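> dropping a prediction and its sequence here:
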Amino acid sequence: LSTIVVNESISYNPQSKRLIENEEDLNVPIKVITLFELCLENRGKTITKEMIVSRLWSTSEGYSEGSIRVYINNLKKILGKESINNIKGVGYKIEF
């Protein structure tokens, strides 16, 4: 696997699990990286909250709607607000 170009300033290295902006490591937390990978796999599609929960938390771990929003917002800060659209009651549409 080689580096994946996300947009003109951001790239992703799947081996090191690092998001790079203008050649600087963004030091993104692993759960945000995991969410990013889920988004990458589902570009142009909708990801449901269930998909996010099953990917980011083990069955023994608790989660909250608030924590999902925090991770989504962290990703929006990196990729741009328009890259992830909330679909009320369903999940998020990935457009980057």
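Structure received.

> helices of this structure, residue ranges please.
30-41, 49-56, 65-79 (DSSP state H).

> hmm, who's touching the last one?
This means helix 65-79. The set of residues external to helix 65-79 that reach it, using Cβ atoms under 8 Å, 6 or more residues apart in numbering, is 6-7, 10, 19, 21, 26, 28-29, 31-32, 35-36, 39, 49, 52-53, 56, 83-84, 86, 92, 96. All C-beta atoms are positioned from the backbone trio N, CA, C, and that covers glycine.

> then the shortest one?
When contacts are taken as Cβ under 8 Å, 6+ apart, the neighbours of helix 49-56 outside the stretch itself are Lys31, Thr34, Leu35, Leu38, Asn42, Tyr63, Glu65, Ile68, Tyr71, Val90, Gly91, Tyr92.

> what subset of those is buried?
Buried members of these, counted by 16 or more other Cβ atoms under 10 Å: Lys31, Thr34, Leu35, Leu38, Asn42, Ile68, Tyr71, Gly91, Tyr92.
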